[in-house]
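A.B. asks: Below is the sequence, then the predicted model.
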Amino acid sequence: MKLLRPATSLFIVLSVVTGIAYPLTITGIAQLAFPRQANGSVIDRAGTPVGSTLVGQQFSGAEYFWSRPSATSPAPYTAFNAESLTGSSGSNLAPSNPALRANINARIDSLDAADKAAGYTRPKIPPGGRASSVIPVDLLTSSASGLDPHITPEAAAYQVPRVARARRLSESAVLEQVRLHTAPRQLGFLGEPVVNVLELNLALNALSRRSSE
């Protein structure tokens, strides 16, 4: 009984400080200093949320740049389903695992099908060459999270001819949008240049609308 009162008091004080005061303080500071980031870096168009700059999403049409694949499908992303255990994710497939080669071949087929849908024929691969050595690796391998919002500039450049033909735009116009939406290395030396797929596709939608007017 002698220790019950101080123990109870300490429990209540710590619960209030760490469970109420601290979270509210940090939330308040975040809302004041970084409101967009604190609310998920959401992108909206005409007042309607269309996605986040931090979370990748599926694009499968020939007129869109595709995101990095998820391990759950040959195409970029699948919706989460608790019963069938699907959802965007990475994989632990070793280079020697036949399933990895099968996944890569399926992704190559998906990219080829999109090219054909747009009416674009790529130059033939030299004898002895492999499609997987021509296509940027981030279009063929899944990420650790399966939710990458970015692709490399090389992966974007690979898709430019297809997207340009599907949208009936010049390749130079599409390349310019890729350039405008390529983020450089942080502080000039951290990481690598990346392209935000959602922001790029939204910019192309706007460009296509202006071109058709």
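C.D. replies: Thanks, I have it. A quick note: this is a predicted structure, and the numbers were derived from the prediction, not measured.
A.B. asks: what's the burial count for Val137?
C.D. replies: 13 (other CB atoms under 10 Å). C-beta: built from backbone N, CA, C; applies to glycine.
A.B. asks: per-residue confidence for it?
C.D. replies: pLDDT recorded at Val137 is 91.
A.B. asks: again with Phe80
C.D. replies: We have a pLDDT of 54 for Phe80.
A.B. asks: what's stretch 113-133 in contact with?
C.D. replies: Under the criterion CB atoms under 8 Å, 6 or more residues apart in numbering, residues 60-63, 66, 104, 108, 134, 140, 161-163, 165-166 lie in contact with stretch 113-133.
A.B. asks: Run the chain-centre distance for the host helix or strand of Leu202.
C.D. replies: Per DSSP states H and E: Leu202 is located in helix 197-212. Distance of helix 197-212 from the chain centroid (CA atoms, centre = their mean, to the nearest Å) equals 17 Å.
A.B. asks: Equivalent analysis for stretch 114-133, please.
C.D. replies: From the chain centre to the centre of stretch 114-133 is a distance of 24 Å (CA atoms, centre = their mean).
A.B. asks: And it, what's buried?
C.D. replies: Ala114, Asp115, Ala118, Ala131 (16 or more other CB atoms under 10 Å).
A.B. asks: ditto for stretch 179-188
C.D. replies: Applying 16+ other CB under 10 Å to stretch 179-188 flags His181, Thr182 as buried.
A.B. asks: try stretch 140-158
C.D. replies: Buried residues in stretch 140-158 (16+ other CB under 10 Å): 140-143, 146-153, 155-158.
A.B. asks: Return the subset of these lying in helices.
C.D. replies: Among these, DSSP state H puts Pro153, Ala155, Ala156, Ala157, Tyr158 in helices.
A.B. asks: surely the first one meets Asn196?
C.D. replies: The reference is to Pro153. No - using CB atoms under 8 Å, Pro153 makes no contact with Asn196, being 11.5 Å away.
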